[in-house]
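K.L.:
structure of the sequence below:
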Amino acid sequence: MADPFTLKKPGADEDLDALGRAHSEKLQGLARSLLSGLYMLVRSVKMYAPDNAVFDRPLMQLQDVLNAIVARDGRAELLAVKDSFYLNEMLIKTDLAMLENMRWLVSELRTRDVGGFSLAKPINTEELKRFIALFGKDAAGPVAEAGDAHHRLLTLSLVKWSKLRERLEAEPVRDQHIDRKKYALTVYGRAVFFVRRYMASLIEGERPLNTARALPIIQDFVDISYQQRTHFLGLTTIHSETEYLAYHQVNVCMMAIVFGSELGLTKQQLRDLGYIALFYEAGMGALASTYLTKRGALTPQERDMVQRSPLLAVRNILRERTVNRSTLLRLVTTFEHKTDYGTAVRDEYGNVQRVIQKADLGLYAKIISICDTFDALTSKRPFRDAYGPDVALLLMWTELQAKFDPELLKVFMKVMEIAPVKVLPRHQQTMTLSGV
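P.N.:
Model (predicted):
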């Protein structure tokens, strides 16, 4: 019987830009299992022969995953495009822990000029074993479309990475940008929806929703910000007075990513920063909604609760019961972001002459503090109207300057395309806040 595993080239009329537009949580779970299985098998075949018993169980598990995908969609087509994987034209969302493994797997596939594979019928472990053997420790150079002389794949046709790359480079850019703008808005909506659900889990008093499930959204934000920066920042002007907190956290997350990119952070660091920024105000989510919608002044008890919100956020992070490097970074940043950077030294007119640093804050906390204040000022609240971006930045540069690292604030003003210059006469360099 002919082996059912086939690898094929993309069709000539296949639009590579269409990849990743469909989304399915069920398929995402199967896709991540598929990638994890492939990674472990390709890694292991560098040390052991494919006939070693160590492969028996992983091969069976991979077979079950692929057959489940085929049963669901009628096919299983995996493509490695740039540094990402697509399964049945859907971008596979990977968390931070998987990113390096996936990059390694992409690199290994390309050493043999493999760009992916497709499967139209149930597969068996023997065919999978021959496929994995193509990446053994003695394997070198590109393989033919039917494998190599030692590992012949009878009905298999490889997706040649070299040809796939030619297709990608030849794709028109204009339509891609239009589609990415639409996709950016979709991701924004998904982020707001996730934060809303997370806040609901805090109010209900149950164990908080696992925030790690939002990592694919953060990864999307980072990728989109590199190619659609202007449109990406434009989304942060979306606000909701009735659902202020959810939109506020998403906006701060997006601004922090662009701000961090301007500072030269790596994509990995931007993912960490974005992840922290999406949930840094989680403590406020545990408070009664009247704290955010009250039109009058807060009572001393209510103000005390608001000031304790970073501690509540830290508690919520610890309730997720996963403590690692990322958790510790979240804890420190969440606690620090409300701390003022320094003390303002003013002249006889009340203008800030310089800021004396009083706290050694982490970079992420300083970035989030600036983005948090800017979005709060430019949002309409029950107790005041929204300030315009230029007025908000002027307030941050004068009245609120001691809250921020002045050098970072200058960079942020550059990001927002407003130069940090004095636009009022020297004796009028102050403005009064009606509430932040």
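
K.L.:
and residue 354, that's in a strand?
P.N.:
Yes - counting by DSSP: H, G, I helix; E, B strand; the rest coil, residue 354 is part of a strand.

K.L.:
so who does it touch?
P.N.:
By C-beta atoms under 8 Å, 6 or more residues apart in numbering, residue 354 lies in contact with 344-345. From N, CA and C alone the C-beta is placed, and that goes for glycine too.

K.L.:
report the beta-bridge partners for it.
P.N.:
Residue 354 has the following beta-bridge partners by DSSP bridges: residue 345.

K.L.:
what about the helices in the stretch 301-436 of the chain?
P.N.:
Residue ranges of the helices in the stretch 301-436 of the chain, as given by DSSP state H, counting those that start in this stretch, are 309-319, 325-336, 363-377, 389-397, 406-415.

K.L.:
select, out of those, the one closest to residue 136.
P.N.:
helix 325-336 (33.9 Å; C-beta to C-beta).

K.L.:
relative to helix 363-377, how tilted is the closest one?
P.N.:
Helix 325-336 runs at 50 degrees relative to helix 363-377, counting by axes from the mean of the first three to the mean of the last three C-alpha atoms, to 10 degrees.

K.L.:
switch to numbering from 351
P.N.:
New numbering, starting at 351: the last item is helix 675-686.

K.L.:
can you list the buried residues in helix 675-686?
P.N.:
By 16 or more other C-beta atoms under 10 Å, the buried positions in helix 675-686 come out as 676-677, 679-686.

K.L.:
same check, this time on stretch 749-766
P.N.:
By neighbour count on 16+ other C-beta under 10 Å, the buried set for stretch 749-766 is 749-756, 758-759, 761-763, 765-766.

K.L.:
I figured residue 563 hits residue 547, correct?
P.N.:
No - with contact defined as C-beta atoms under 8 Å, residue 563 and residue 547 do not form a contacting pair (9.7 Å).

K.L.:
quick one: classify the most centrally placed residue in the chain as helix, strand or coil.
P.N.:
Centroid-nearest residue in the chain: residue 568, 1.5 Å away (criterion: C-alpha atoms, centre = their mean). Per three-state DSSP, the local secondary structure of residue 568 is helix.

K.L.:
if I look at it, how far off is residue 620?
P.N.:
Distance from residue 568 to residue 620, counting by C-beta to C-beta, to the nearest Å: 8 Å.

K.L.:
mind giving me the domain split of the chain?
P.N.:
According to automatic domain parsing, the chain comprises the domains 355-520, 524-778.

K.L.:
would you turn those domains into CSV with mean pLDDT?
P.N.:
Output for the domains of the chain, formatted as CSV (pLDDT from 0 to 100):
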stretch, mean pLDDT
domain 355-520, 77
domain 524-778, 77
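
K.L.:
buried set for the longest helix seen in the chain?
P.N.:
For the chain, the helix that runs over the most residues, judged by DSSP state H, is helix 524-553. By neighbour count with 16+ other C-beta under 10 Å, helix 524-553 contains the buried residues 530-531, 533-534, 537-538, 540-542, 544-546, 548-549, 552.

K.L.:
for residue 431, grab phi and psi.
P.N.:
phi -110, psi 120 (degrees, to the nearest 10).

K.L.:
run through the bridge partners of it.
P.N.:
Note on residue 431: beta-bridge partners by DSSP bridges are residue 434.

K.L.:
all strands for the stretch 451-600 of the chain, in order.
P.N.:
464-469, 509-510 (DSSP state E, counting those that start in this stretch).

K.L.:
so can I have TSV of those strands showing mean neighbour count and distance to residue 627?
P.N.:
TSV is the format used below for the strands of the stretch 451-600 of the chain (neighbours: other C-beta atoms under 10 Å; distance: least, C-beta to C-beta, whole Å):
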stretch	mean neighbour count	distance to residue 627
strand 464-469	22	34
strand 509-510	21	38
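
K.L.:
can you redo those strands as CSV with distance to residue 491?
P.N.:
Formatted as CSV, those follow (distance: least, C-beta to C-beta, whole Å):
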stretch, distance to residue 491
strand 464-469, 12
strand 509-510, 13
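
K.L.:
residue 709 is nearest to which of those strands?
P.N.:
Closest among these, using C-beta to C-beta: strand 464-469, at 50.3 Å.

K.L.:
span of stretch 684-694 from start to end?
P.N.:
Stretch 684-694 has an end-to-end distance of 24 Å (C-alpha to C-alpha, to the nearest Å).

K.L.:
please disregard the earlier target; I meant stretch 748-765.
P.N.:
18 Å.

K.L.:
enumerate every residue touching the spatially closest residue to residue 756 that is not a sequence neighbour.
P.N.:
Closest residue in space to residue 756, ignoring its immediate chain neighbours: residue 705 at 5.4 Å, by C-beta to C-beta, 6 or more residues apart in numbering. Shown in contact with residue 705 (C-beta under 8 Å, 6+ apart): 691-695, 751-752, 756.

K.L.:
could you check the angle helix 524-553 makes with the helix or strand that residue 603 is a member of?
P.N.:
Assigned by DSSP states H and E, residue 603 belongs to helix 594-612. If you take the same axes, to 10 degrees, helix 594-612 sits at 130 degrees to helix 524-553.

K.L.:
touching, residue 695 and residue 707? I think so.
P.N.:
No - in this structure residue 695 lies outside contact range of residue 707 using C-beta under 8 Å: 11.5 Å.

K.L.:
can you redo the contacts of residue 705 as CSV with distance to residue 736?
P.N.:
Formatted as CSV, these follow (distance: C-beta to C-beta, whole Å):
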residue, distance to residue 736
691, 25
692, 27
693, 29
694, 25
695, 31
751, 21
752, 23
756, 25
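
K.L.:
and of the residues you listed, the nearest to residue 437?
P.N.:
Nearest to residue 437, judged by C-beta to C-beta, of the contacts of residue 705 is residue 691 at 45.6 Å.

K.L.:
count of neighbours near residue 418?
P.N.:
Using other C-beta atoms under 10 Å, residue 418 has 18 neighbouring residues.

K.L.:
now swap in residue 513 and tell me
P.N.:
14.

K.L.:
ok, it to residue 755 distance?
P.N.:
Residue 513 is 49 Å from residue 755, where distance means C-beta to C-beta.

K.L.:
show me the one of the helices of the stretch 651-786 of the chain that comes nearest residue 602.
P.N.:
Here helix 713-727 is closest among the helices of the stretch 651-786 of the chain (C-beta to C-beta), at 4.6 Å.

K.L.:
the closest one - contacts with which helices or strands?
P.N.:
Judged by 3 or more C-beta pairs under 8 Å, 6 or more residues apart in numbering; DSSP states H and E, the packing partners of helix 713-727 are helix 594-612, helix 617-629, helix 675-686, helix 739-747, helix 756-765.
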